[in-house]
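Trainee: I would like to see how this sequence folds:
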Amino acid sequence: MKLISYNVRGLGSILKRKEVGKLVRLERPDVLFLQETKLEKIEDDLCKCLWFSDDFDWVKKESVGASGGMLCVWNKREFVKQGEFSGDGFVGIVGEWGPHKLKCKIVNVYASNDRQKKAKLWEDLRRLILEEDGRWMIASDFNAVRCDDERKGKKRESLDMRDFEDFIMSAGLVDINLVNRRFTWYRPDGSSMSRLDRVLMTVEMWNSAE
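Mentor: Purely as a prediction, here's the structure:
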């Protein structure tokens, strides 16, 4: 399984599309998750310029004006879509992944900075996971940390951390460790940094991935 998640902070410019396309052609992932596309309209031609072959499919969640927006693109030979779903802050696909046709649900997340909106997102995802038990992978930009060790510089509200930790534990999710780095977001001047991006899996998904 190979997934790339990337907060592009706008996918409108040709330069940014070329940057993403170059990364995808180099890494050749099974699945690509993009956040903050800032696009109200996404068409097949845009996805084609991002991918490395003609065997792809995609789903999107449009931005509201110039805010938000998500895109999921995948290799149809590796992931066969059987359905899709979405809500405030997420878009997901249901299908079979890999040569063993692993049935699973994978979710692209872009969480708001607003605590109340995040709390609703955690509750929506928790309800989905508990109602439909099985293999889940939830990835991307959660805009939240679990503990003080996951941030440096500017401090976030402890209630925000508690909400996120409660979501992970109550949904029975495994937090996949980072390799060779502690943080995923950095302020340009280096004054603060946080681990805002991650991959979460249910135990069933984690055991299958191993």
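Trainee: State the paired neighbours of the helix or strand of the chain at the bottom of the mean pLDDT ranking in the sheet, together with their directions.
Mentor: Taking mean pLDDT, DSSP states H and E as the measure, strand 185-186 is the helix or strand of the chain with the lowest mean score, a mean of 82. Strand 185-186 sits in its sheet next to strand 193-194 (antiparallel), going by DSSP bridges.
Trainee: so how far is the partner strand off the chain centroid?
Mentor: When C-alpha coordinates are averaged (Cα atoms, centre = their mean, to the nearest Å), strand 193-194 and its chain have centres 18 Å apart.
Trainee: And stretch 111-125, by the same measure?
Mentor: The offset between the C-alpha centroid of stretch 111-125 and the centroid of the whole chain comes to 14 Å, using Cα atoms, centre = their mean.
Trainee: hang on, the earlier thing: now tell me what touches the least confident helix or strand of the chain from outside.
Mentor: Applying Cβ atoms under 8 Å, 6 or more residues apart in numbering, the external contacts of strand 185-186 come out as 192-197. Where you see a C-beta, it was placed from the backbone N, CA and C, and this is true even at glycine.
Trainee: which other residues reach stretch 2-11?
Mentor: Residues lying outside stretch 2-11 but in contact with it, judged by Cβ under 8 Å, 6+ apart, are 16-17, 20, 23-24, 27-39, 46, 69, 71, 106, 108, 110, 137, 139-141, 197, 199.
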